[in-house]
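# got a sequence here, can you model it:
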Amino acid sequence: MLTGIVDLGKTNARLVLLDEEGTLVAQRQQSSSTFDGGMGYRALDTAGTEAWLLDALASLGTMGRRLKRLFVTTHGAAVAVIQGDTLALPIPDYEWEGFNEHRLELAAEFDAFSHTLSPSLPRGLNMGVQLDWLSRHCSGTMQVAETLLPYAQYWSWRLCGVKASEVSSLGCHSQLWRPFDSRFTDWARSRLWAEKFAPMRKAWSVLGTLRPELASRLQLPRDILVYTGVHDSNACLARYMRHWPRMTLVSTGTWVVVMTPGAPVRALSPGRDLLGNVSVRGEYVPTGRFMGGREFALLCSGANPLLANVHCLKSLLDVGLQILPGFESQGGPFAQSCGHIRVGNSSLSLDQWKQGFSPTERASAASLYVAQMTIWLIQELGGVGPVVLEGPFANNPVVAEVLPALLPGAEIFAGADPVEGTARGAWCLTQWTEPKAATPLLKELVPGDSQFGALVRRHHENWSRDLLAY
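Here you go, the predicted structure:
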C-alpha cells in the first residue's frame, strides 16, 4: 500500500509517494504560481495547482491502484472562503503588498501579543489581515460565505468533501488563535470569522475517503483515506516530537524556521519576529524565522548552490567579507533593515557583487549568511536540546561546518533521510496513533578544522557586534 503526500510549498508543489516502510517510491513536482485574481489582489493559482495534482495522480498508473492514504501539508498564511461547495474568492497570496493598506490601524485591534504570540507582520503574513481586506473590499461575498478553511484543509476538502480546521494552521501567526487558551482570539470572534471556520480536527484524523467522482475520473481506489492535514513547518517538527520534547528544529526552504519546543516564552519579541507557533498537539512552540531560501537565492545571484565550499569561504573571510541583513522585508528579525555586502572597506551593490565575485564565492558567502542568521535565531530563542537541521540546507557543506563552529559543545544533526523533512513528517502523522514511532535518520555535524572554526568565530563576533546598531 502507498501513501501520497501532497506538499504545497510557496515555491514548489510536490506529490510524494511512500510505501508502508516509508521508502520513497515516486515523486512529481512543479513550481507554485500566483496570478491576478480579478478581485484587486494577487492570488494563489489553486486552479493550476489542482489541475497539476489531478494529472499527477492520474499518471500513477498501476501504482495508483495501491494508493491507500492522502495527506496534505501546505505553507501557512493562506485561507479559503467557501460558499456551499465552491471557492467563493481566489485564495490570497500573502506576499501581495496591498495587504499593508490598514496594517497600523489593525494592529491596534489585535489581541495582546501575550495572548496570541503573533506579531503584526508585513503584507498578508497575518491570516487575519487577509480576512480584514476581503471583508472591506469583497464584503458581499464575505457576508454570505458559509465557511473559512486554512489552506491545508482547503485541499483536504477538495479531495474528500469534508470541511475541517486544524490548530497548527490556525496558530501560524494568524492573529486568530490564542495558544494558551486553545481558542479563537477576541478579535476573530468580534469580526464573526471564528464562527465561520470549519470544526477543529486533529492533523492526523481521517476526514473521509476520496470523492467518488475523483476516484472514477482518476481511476483510483474509492477507499483512499484523506487526512485533515497540517502546516508544513509543523509537519517537519511532528516527526521529532515523540523523540525529543525539548529540541531545536531548523526547517529550511523558502523560509528558514527555527522552532524550539521547551524554550522559555520570555525570549519572544514581536519586534524581531520571534513568535509562538502551535504544534499539532496544540502546544506552544517558540519560533523565529527569516526568508532564508529567498535571501540565499538573491545572494547567490544565479550561482549554483552546490558550488558552496569551505575552502572558498575561508579565502573570503581572509579578505574581510561581511554580509549583514536583511534582503527581504517579509518578516524576520531584520525586516526593516537594508542588507549590506562588504568586502574589506568596500560596500557592494548586488550588481557589483554579482559582477565582481565568482559563482563559487557567491554561493559560499550566501551559505555563511544563512548559517549566521540561523545561529542568531537559535541563541535569541534560547534553543534547547539537540539541534536538527532539515530541508535543503541540511546538505550544504558550508552550513554544516559553520553551525558546529558557532555552537561548540552542542549536539547538532542534519537530516539524512532521502525523504525531505516536511513530507516525512506528514507520513509520520498518518501513523501518529501507532505505538511505535519511526526513528529519524540523522547524521551528526561535528566541528571540522580548528583554524577555520576560530576564523568563523572571530568573524561572527564582529558580525554580531555590528548587528547591535540595527
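# what helix or strand is the closest residue in space to Pro447 that isn't next to it in sequence on?
Among residues not flanking Pro447 along the chain, Pro404 sits closest, at 4.4 Å (C-beta to C-beta, 6 or more residues apart in numbering). Heads up, the C-betas are built off the backbone N, CA and C, glycines and all. In the assignment (DSSP states H and E), Pro404 maps to helix 397-406.
# again with Ile323
Per DSSP H and E: strand 321-324 holds Ile323.
# what sits up against the helix or strand that that strand is followed by?
Heading C-terminal from strand 321-324, the first helix or strand you meet, by DSSP H and E, is strand 340-343. Contacts with strand 340-343, where a contact means C-beta atoms under 8 Å, 6 or more residues apart in numbering, come from 299, 316, 319-324, 347-350, 353.
# who does the strand holding Ile323 pair up with?
Strand pairing for strand 321-324, determined by DSSP bridges: strand 340-343 (antiparallel).
# quick check: buried residues in the strand it pairs with?
341, 343 (16 or more other C-beta atoms under 10 Å).
# what pLDDT, on average, does it get?
Strand 340-343 carries an average pLDDT of 94.
# helices or strands up against the following helix or strand past that strand?
Using DSSP H and E, the helix or strand that follows strand 340-343 in sequence is strand 346-348. With contacts taken as 3 or more C-beta pairs under 8 Å, 6 or more residues apart in numbering; DSSP states H and E, strand 346-348 sits against strand 340-343.
# show me how far the strand it packs on is from its chain's centre.
Averaging C-alpha positions (C-alpha atoms, centre = their mean, to the nearest Å) puts strand 340-343 28 Å from its chain's average.
# same check, this time on stretch 206-215
So, by C-alpha atoms, centre = their mean, the centroid of stretch 206-215 is 27 Å from its chain's centroid.
# contacting residues around it?
54, 70, 156-157, 159-162, 164, 201, 220-228.
# re earlier: run through who's touching the strand holding Ile323.
Counting by C-beta under 8 Å, 6+ apart, 299, 337, 339-343, 365-366, 368-369, 459, 462-463, 466-467, 470 sit against strand 321-324.
# then stretch 277-284?
So stretch 277-284 is contacted by 117, 166-168, 170-173, 177, 179-180, 182, 202-204, 230-231, 233-235, 237-238, 241, 259, 261, 265, 276, 285, 287, 429, 432 (C-beta under 8 Å, 6+ apart).
# list the buried residues for that stretch?
Neighbour-count burial for stretch 277-284 flags 277-281, 283-284 (criterion: 16+ other C-beta under 10 Å).
# the stretch 51-200 of the chain: helices as residue ranges?
Counting by DSSP state H, counting those that start in this stretch, the stretch 51-200 of the chain has these helices, from start to end: 103-107, 113-116, 127-137, 139-144, 151-160, 167-170, 186-190.
# Gly421 and Asn234 touch, don't they?
No: the pair Gly421 / Asn234 is not scored as a contact, 11.2 Å apart, by C-beta atoms under 8 Å.
# who has more neighbours out of those two?
Asn234 (34 against 28; other C-beta atoms under 10 Å).
# now do the same contact list for the more buried one.
Per C-beta under 8 Å, 6+ apart, neighbours of Asn234: 168, 172, 203, 277-280, 285, 425.
# switch to 10 Å and redo it
If a contact means C-beta atoms under 10 Å, 6 or more residues apart in numbering, then Asn234 has 73, 76, 152, 166-169, 171-172, 203, 241, 249, 251, 257, 259, 277-281, 285, 287, 422, 425-426, 429 as its contacts.
# so where's this protein uncertain?
For the chain, applying pLDDT under 70 flags no range at all.
# show me the domain layout of it.
According to automatic domain parsing, the chain comprises the domains 2-228, 270-278+289-467.
# among the ones you listed, which is nearest Pro245?
When the domains of the chain are compared by C-beta to C-beta, domain 270-278+289-467 sits nearest Pro245, at 8.3 Å.
# now the strands for the stretch 151-300 of the chain?
Here the stretch 151-300 of the chain has its strands, by DSSP state E, counting those that start in this stretch, at 177-178, 183-184, 206-209, 225-227, 230-231, 248-251, 256-259, 274-278, 284-290.
# now render the ones you listed as JSON lines, adding distance to Glu195.
Listed next are those as JSON lines, based on distance: least, C-beta to C-beta, whole Å:
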{"stretch": "strand 177-178", "distance to Glu195": "14"}
{"stretch": "strand 183-184", "distance to Glu195": "9"}
{"stretch": "strand 206-209", "distance to Glu195": "21"}
{"stretch": "strand 225-227", "distance to Glu195": "25"}
{"stretch": "strand 230-231", "distance to Glu195": "22"}
{"stretch": "strand 248-251", "distance to Glu195": "32"}
{"stretch": "strand 256-259", "distance to Glu195": "30"}
{"stretch": "strand 274-278", "distance to Glu195": "20"}
{"stretch": "strand 284-290", "distance to Glu195": "24"}
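# just these: most buried one?
strand 230-231 (a mean of 31; mean count of other C-beta atoms under 10 Å).
# what packs against that strand?
On a contact count with 3 or more C-beta pairs under 10 Å, 6 or more residues apart in numbering; DSSP states H and E, strand 230-231 meets strand 67-74, helix 151-160, helix 167-170, helix 232-241, helix 421-429.
# dump those into CSV; add distance to Ala13 as well.
Formatted as CSV, these follow (distance: least, C-beta to C-beta, whole Å):
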stretch, distance to Ala13
strand 67-74, 9
helix 151-160, 10
helix 167-170, 17
helix 232-241, 12
helix 421-429, 12
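# which stretch among these comes nearest Pro408?
It is, among those and with distance given as C-beta to C-beta, helix 232-241, at 22.8 Å.
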